[in-house]
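Undergrad: Give me the fold of what follows.
(one chain, ligands or ions: 2)
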Amino acid sequence: MTERPVSPLLEFDHDREAFISPSALITPRDDVPRACVLTWFRDAADRAVEETHGRRIMQLRWEDGPRPVYEINHEGRQVTLAPMPVGAAPAASMLEELIALGCRSFIACGGAGALRPDLTLGHLVLVTSALRDEGASHHYLPPARTLDSDPVAVDVLRATLTDLSLPFAEGRAWTTDGIYRETPGRIAARVEEGCLTVDMEASAVAAVARFRGVPLAQVLYGGDDLTGEVWDERGWQDNHEVRDRLIRVAATAALRLEGATGQGR
Ligand SMILES: O=P(O)(O)O[C@H]1O[C@H](CO)[C@@H](O)[C@H]1O
Ligand SMILES: O=c1cc[nH]c(=O)[nH]1
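TA: Ligands and ions are numbered 1, 2, ... in the order given. Model (predicted):
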């Protein structure tokens, strides 16, 4: 009998061809901006569309309802803005569809639980690597604890944050499928492994981007606080100012990344 690993997630399949291919389902469109912002801030995405006189380009069809994809106007150019679903697996599949649609340079912005006391509410974190405590990335890359972010995309995002005089920390994100299983022991172990934040998608979207050969970098802001005796929610999801600003910063960086990697049309 074949020896099987203890978890099916450790059983990586190197075959690049899958039965259902996003490029067979989705026709690439010339009118979709190649520079793309992925955001988990649905509220701020709606505001950005309204404020920049953007438009809905299309709706991706999903079983739990349509997922809109927008185009916003930024610095006199167009950028795709994709409100992303929460969770590693849905986010990974949505990114697949955006790549099939024709998007080519990606900056992701989201919020995350803070694992270090200096990550005050709204403090930015440039993700340089992610700890793969989720399932989705294991369908794209061989098993490993961590995944480094794309170095070119990280450089562009770092330069953008610096040019805009925005203070930021940089380091590793802990991506988990188990938001309600962040136990004290697990948190301590992840901090020991160098994680600054905890989120639910960073390593999964990084893995899809690596697999498909598109550049992607991510910036998160310090949201709820996991460093104390008890959880401090800090009202992190009401921080409109930082969420609106992050979408603009991500759009600037996505356009720069498009230029830096020659991904423009
Ligand atoms: O603001 P976002 O990026 O959604 O951040 C985090 O918050 C959600 C969980 O509440 C997950 O998506 C996690 O990644
Ligand atoms: O995934 C997440 C996001 C925010 N806060 C958490 O504790 N976990």
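Undergrad: Going along the chain, name the helices of the chain.
TA: Residue ranges of the helices in the chain, as given by DSSP state H, are 22-25, 42-51, 88-101, 151-163, 184-192, 202-212, 240-260.
Undergrad: want to throw the ones you listed into a markdown table with mean neighbour count?
TA: C-beta here means a position set from N, CA and C on the backbone, and glycine is covered the same way. Rendered in a markdown table, the data for the helices of the chain read as follows (neighbours: other CB atoms under 10 Å):
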| stretch | mean neighbour count |
| --- | --- |
| helix 22-25 | 13 |
| helix 42-51 | 17 |
| helix 88-101 | 22 |
| helix 151-163 | 18 |
| helix 184-192 | 13 |
| helix 202-212 | 25 |
| helix 240-260 | 22 |
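Undergrad: Least reliable of these by average pLDDT, please.
TA: Comparing mean pLDDT across the helices of the chain, the weakest is helix 22-25, with a mean of 92.
Undergrad: Alpha carbons only: can I get it in CSV?
TA: Output in CSV follows, covering the C-alpha atoms of helix 22-25 (Å, rounded to 0.1, in the frame of the first residue of the first chain):
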residue,chain,number,x,y,z
PRO,A,22,-9.8,29.5,-14.5
SER,A,23,-8.5,30.5,-17.9
ALA,A,24,-11.0,28.1,-19.5
LEU,A,25,-13.9,29.7,-17.6
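Undergrad: Which elements pack onto that helix?
TA: The helices and strands touching helix 22-25, judged by 3 or more CB pairs under 8 Å, 6 or more residues apart in numbering; DSSP states H and E, are helix 88-101.
Undergrad: Around ligand 2, which positions in the stretch 1-150 of the chain sit nearby?
TA: For the stretch 1-150 of the chain, the residues in contact with ligand 2 under the definition CB under 6 Å from any ligand atom are 112-113.
Undergrad: Done for today, thanks.
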